[in-house]
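J.: how would this look folded up:
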Amino acid sequence: LDVVYVDLLGGGLFMEKPQELERYRLAFEYLSAQALDFESSADLIDRISKEF
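T.: Residues are numbered from 1 along each chain as shown. A predicted model of the protein is given here:
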């Protein structure tokens with residue numbers, strides 16, 4: 001079952017309509033494509049931590 005949960009200051013909101021799910025699916029796919037892989041993320045975190 002596909003559901004999007006959005007956490008808000010006053011509570012939460014569940015979205016189940018196909019149009020809502022499609023918007024969040026596209027956003028998630030975009031963010032996933034832009035994200036570094038696990039090893040690159042770990043390397044970046046390691047480099048930044050050494051700067052401080």
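
J.: what about the helices in the chain?
T.: 18-34, 38-51 (DSSP state H).

J.: and these as JSON lines, adding mean neighbour count and distance to residue 6?
T.: For glycine as for every other residue, the C-beta is placed from the backbone atoms N, C-alpha and C. What follows is the helices of the chain, written out as JSON lines (neighbours: other CB atoms under 10 Å; distance: least, CB to CB, whole Å):
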{"stretch": "helix 18-34", "mean neighbour count": "11", "distance to residue 6": "9"}
{"stretch": "helix 38-51", "mean neighbour count": "9", "distance to residue 6": "25"}
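
J.: Which one of the ones you listed lies nearest to residue 3?
T.: helix 18-34 (7.8 Å; CB to CB).

J.: Show me what that closest one is packed up against.
T.: Secondary-structure packing of helix 18-34 (3 or more CB pairs under 8 Å, 6 or more residues apart in numbering; DSSP states H and E): strand 4-8.

J.: what's the spacing between the most centrally placed residue in the chain and residue 22?
T.: In the chain, the residue lying closest to the centroid (CA atoms, centre = their mean) is residue 28, at 5.8 Å. Distance of residue 28 to residue 22, given as CB to CB, to the nearest Å: 11 Å.
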